[in-house]
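Visitor: based on what follows, work out the 3D shape:
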Amino acid sequence: GGGGGGGGGGARVPREKTAPSKPPPPGSDGTVLLVTIINVVYEVTADMLSQVFEMVVPITKVAVFMKMGKTQALVKFNTPEDATAALTRLQGENIYTACNTLHLQYSNLSDITVRYNNEKSRDFNDPTLPSGPEAPPPPTHPP
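Guide: Residues are numbered from 1 along each chain as shown. I've put the predicted structure just below:
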C-alpha cells in the first residue's frame, strides 16, 4: 500500500518586503503624501518635485510651502498604490547629491487645493489655472 502524500503545508504568499511606512491615517484615502525636504541647499519648486516623483509614478498635483521654517510639499497621486510606490521608492532619497533629502509620510488630506500653476504649485489636470492671483479690476468711476 502506497502511503498517502504528506499534507501540503498551508501556502503562505511571501510578502515582498515590509514597508517601514505607516498606513494612511483614517479619513484619508492614501493618495496624498506629505513631503518634508531636509538639508535644503537648492530651492524646492513644484517642477523639481514633479520631475522626481514622475520618475516613479505619475502625479496629478503638487504644492510646495513653508511651514515653521521647513520646506514641505503635498503631492497628489491617482491611486493609493501610486502613493505607496513613490513613498517606498523615494523615502530618504536626495534630489541633489547629499542634499535636499526627501522625507515622506501619508498626509491626512484626501486632496490638495491648487489655485495656481506656478513654481510653487501645479495642477497637472488643469492647465488653465492662472500663475497667480488675478489683478483686481480697475475701479469704475461713476459717470
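Visitor: could you pull up phi and psi at the residue nearest the centre of the chain?
Guide: Central residue of the chain (C-alpha atoms, centre = their mean): residue 75, 3.0 Å from the mean position. Backbone torsions for residue 75, taken as degrees, to the nearest 10, come to phi -120, psi 130.
Visitor: now the helices for this protein?
Guide: Along the chain, the stretches classed as helices by DSSP state H are 46-54, 80-90.
Visitor: ok, which of these comes nearest residue 109?
Guide: Taking C-beta to C-beta as the criterion, helix 80-90 is the member of the helices of the chain that comes nearest to residue 109, at 11.6 Å. From N, CA and C alone the C-beta is placed, and that goes for glycine too.
Visitor: the closest one: which residues count as buried?
Guide: 80, 82, 83, 84, 86, 87, 90 (16 or more other C-beta atoms under 10 Å).
Visitor: and stretch 63-82, by the same measure?
Guide: With burial defined by 16+ other C-beta under 10 Å, the residues of stretch 63-82 counted as buried are 63, 64, 71, 72, 73, 74, 75, 76, 77, 80, 82.
Visitor: roughly how far does the last one sit from residue 76?
Guide: Computed as C-beta to C-beta, to the nearest Å, the residue 82 to residue 76 distance reads 10 Å.
Visitor: please apply the same query to the second one.
Guide: According to C-beta to C-beta, residue 64 and residue 76 sit 13 Å apart.
Visitor: circling back to that earlier point, which residues do residue 82 and residue 76 both contact?
Guide: Common contact partners of residue 82 and residue 76 (C-beta atoms under 8 Å, 6 or more residues apart in numbering): 31, 59.
Visitor: give me the neighbour count for the residue lying closest to residue 48 once chain neighbours are set aside.
Guide: In space, residue 48 comes closest to residue 95 once its chain neighbours are excluded; the distance is 6.5 Å by C-beta to C-beta, 6 or more residues apart in numbering. For residue 95, the neighbour count with other C-beta atoms under 10 Å is 19.
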